[in-house]
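Trainee: Compute the structure for the input listed below.
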Amino acid sequence: MPTVLIVSASPLDQDRLRLGAEVRDIRHALQRSRNREDWIIESNEAVTVDDLRRALLDFRPTVVHFSGHGGGFGGLCFEDTDGNTNSTDAVPLAKLFHHFKENLKCVVLNACYSKVQGDVIRQEVDYVVGMSAAVDDNSAAKFAVAFYDAVFAGTDFRTAFDLGCTALDLNKLPDADVPIFMTGSHLAPTVLSYSAHIPEIERILYSYFNTPFNDRARFTTTGESLRPAIKTYYGERMHRSVRTVRVISMKSITDKQWCVEVAGAESRLLYIRIKDGSVLVEWEASVGLWSVPMKTYLALGSAEPVLARVEAELATYYNFDFAGQERRFQSVSLRTEDGQSLYGYVERNSKVYAELMDILSDGNEHAITLEILQVTDQTDMPLIKKGFVANMDLLST
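Mentor: As a prediction, this is how the structure comes out:
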């Protein structure tokens, strides 16, 4: 029968925590559950590392829940034989959990700054929950109870994590963004902090993936004007519906743009924009017609061509390696949606130059997608190799 092993420690030389109340409330969560006959809770308070080792041997738990103090890189605060702090590093803990991984599926570190330990422990355990910062005592307890309400009801650990964080929002408690959900390194690696946007993202992406290709423009940042490009891109490809869409990681590109990794959908990585609570798909980026973020390209460069959606305008500025080559190259001022500015250069005797001039010769800015290539040590002065006008028709190379 699956077992939750709760180990708690509040050393005498640390601030006192109401850990007994947390254990009591988790037990009440099981008593309230319809599945209360399906789980066992074992607890050990004032725990030392030797107590933990013996409890793992005795109970072979499915979940280990640590409740107490955390010190980030300083370790988790167990107790020594005198009741004072014995800070324990994550590496030996991970080695300990390795011997019980046949049964042990999840470790919950309900302690401040415990993400550091969680990131090591997930090398041995399928699922780990840690805290990215200091967490309020009441918030930590509320999260734990809501998490186990869900586990005992039969949900998976990821859903339990979401519901634990949502409980903090619903009760107007702080720190809903502090818990971190991590999957084991042998699974699809995930490190996900709670975001109130996740339910809306999953809802929109579910609708997006279950909408026929040619009708998806309404879910995009570009809108209906993108319909011809979408129709051309997908062609006669057969659309297949999906049953579920789940966000498994999010990475901030700008304050409004995110790279989202999803499971259960036709695409694993999508770029989205979140603005004023609304979620829209950056379609060009998601299908590879627009490589974002430009900020990353400017910082790191690229050995491969990069596609960027920009506002382009003729320029007369030549810098560094392009100085003195005005007769061979034309400079173009490029401004991206995330506020980055750079100067691109196009070879004057190329077809793409002639076609770009047809667009840019009026002296105004024009929205265009360009394929740019880093050809010097400077990432902010790329060579323009190809271009796409608004409907994604390819200009010449």
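
Trainee: okay, and the helix or strand of the chain with the least pLDDT?
Mentor: strand 191-193 (a mean of 78; mean pLDDT, DSSP states H and E).

Trainee: ok, residues contacting that strand?
Mentor: Residues outside strand 191-193 that contact it (Cβ atoms under 8 Å, 6 or more residues apart in numbering): 119, 132, 161, 177-182, 247-250. Just so you know, the C-beta spots here come from the backbone N, C-alpha and C atoms, and that holds for glycine as well.

Trainee: distance of the spatially most central residue of the chain from Ala217?
Mentor: Centroid-nearest residue in the chain: Met250, 2.1 Å away (criterion: Cα atoms, centre = their mean). Using Cβ to Cβ, to the nearest Å, Met250 is found at 24 Å from Ala217.

Trainee: Show me this protein divided up by domain.
Mentor: 3-189, 198-287, 294-388 (automatic domain parsing).

Trainee: any weak-confidence spans in the stretch 201-350 of the chain?
Mentor: Low-confidence segments of the stretch 201-350 of the chain (pLDDT under 70): 291-293, 338.

Trainee: pretty sure Ser114 contacts Ala134?
Mentor: No. Using Cβ atoms under 8 Å, Ser114 is not in contact with Ala134; the gap is 10.5 Å.

Trainee: Neighbour count: the two, which is higher?
Mentor: Ser114 (31 against 13; other Cβ atoms under 10 Å).

Trainee: And the residue lying farthest from the centre of the chain, its phi and psi?
Mentor: Distance from the C-alpha centroid of the chain peaks at Arg327, with 46.4 Å (Cα atoms, centre = their mean). The phi and psi values for Arg327, taken as degrees, to the nearest 10, are phi -70, psi -20.

Trainee: got a list of what it touches?
Mentor: Arg348.

Trainee: which is the next helix or strand following the longest helix seen in the chain?
Mentor: Ranked by residue count and defined by DSSP state H, the top helix of the chain is helix 137-152. The element immediately downstream of helix 137-152 (helix or strand, assigned by DSSP states H and E) is helix 157-170.

Trainee: dump the residue contacts of Ser207.
Mentor: Ser207 makes contact with Phe219 under the criterion Cβ under 8 Å, 6+ apart.

Trainee: count of neighbours near Lys105?
Mentor: Lys105: 16 neighbours (other Cβ under 10 Å).

Trainee: Leu19 too?
Mentor: Around Leu19 there are 23 residues (other Cβ under 10 Å).

Trainee: ditto for the one 3 residues further on
Mentor: Other residues within reach of Glu22, judged by other Cβ under 10 Å, total 24.

Trainee: now swap in the one 4 residues further on and tell me
Mentor: Burial of Ile26, expressed as a neighbour count using other Cβ under 10 Å, amounts to 24.

Trainee: secondary structure class for it?
Mentor: Per DSSP: H, G, I helix; E, B strand; the rest coil, the secondary structure class of Ile26 is helix.

Trainee: out of everything not next to it in sequence, what's closest to it?
Mentor: Closest residue to Ile26 apart from its sequence neighbours, by Cβ to Cβ, 6 or more residues apart in numbering: Tyr148 at 5.2 Å.

Trainee: For that neighbour, list the residues it contacts.
Mentor: Val4, Ile26, Ala29, Leu30, Ala160.

Trainee: can you list contacts of the strand or helix carrying the fourth one?
Mentor: Assigned by DSSP H and E, Leu30 belongs to helix 19-32. Outside helix 19-32, the residues that touch it by Cβ under 8 Å, 6+ apart are 4, 6, 8-10, 36, 39, 41, 43, 45, 65, 67-68, 110, 140-141, 144-145, 148-149, 152.

Trainee: about what we covered before: please report how far the residue farthest from the centre of the chain lies from Arg348.
Mentor: Taken as Cβ to Cβ, the span from Arg327 to Arg348 is 7 Å.

Trainee: Stretch 322-335: which residues count as buried?
Mentor: Phe322, Phe329, Gln330, Ser331, Val332, Ser333, Leu334 (16 or more other Cβ atoms under 10 Å).

Trainee: circling back to that earlier point, following the helix holding Leu30, which helix or strand comes up?
Mentor: strand 40-44.

Trainee: Can you give the contact residues for that next one?
Mentor: 1-8, 23, 26-27, 30, 51-52, 55, 58-59, 61.

Trainee: could you redo the last one with a cut-off of 7 Å?
Mentor: Residues from elsewhere that reach strand 40-44, judged by Cβ atoms under 7 Å, 6 or more residues apart in numbering: 1, 3-7, 23, 26-27, 30, 51, 55, 59.

Trainee: ok, now stretch 242-252?
Mentor: Counting by Cβ under 7 Å, 6+ apart, 188, 190-192, 195, 198, 201-202, 205-206, 209-210, 258-266 sit against stretch 242-252.

Trainee: what's the answer for stretch 175-190, then?
Mentor: 115, 118-119, 122-123, 125-133, 135-136, 139, 143, 158, 161, 164-165, 168-169, 191-194, 248-249.

Trainee: The same query, at a cut-off of 6 Å, please.
Mentor: Stretch 175-190 is contacted from outside by 115, 118, 122-123, 125-126, 128-133, 135-136, 139, 143, 161, 165, 168-169, 191-194, 248-249, using Cβ atoms under 6 Å, 6 or more residues apart in numbering.

Trainee: confidence score at Val389?
Mentor: What the model reports as pLDDT for Val389 is 55.

Trainee: nope, Pro179 is what I was after
Mentor: pLDDT, Pro179: 94.

Trainee: what about it, how many residues close to it?
Mentor: Count around Pro179 with other Cβ under 10 Å applied: 30.

Trainee: Would you mind measuring from it to Leu383?
Mentor: Distance from Pro179 to Leu383, counting by Cβ to Cβ: 46 Å.

Trainee: Asp25 too?
Mentor: Taking Cβ to Cβ as the criterion, Asp25 is separated from Leu383 by 63 Å.

Trainee: ditto for Ala312
Mentor: Taking Cβ to Cβ, one finds Ala312 at 14 Å from Leu383.
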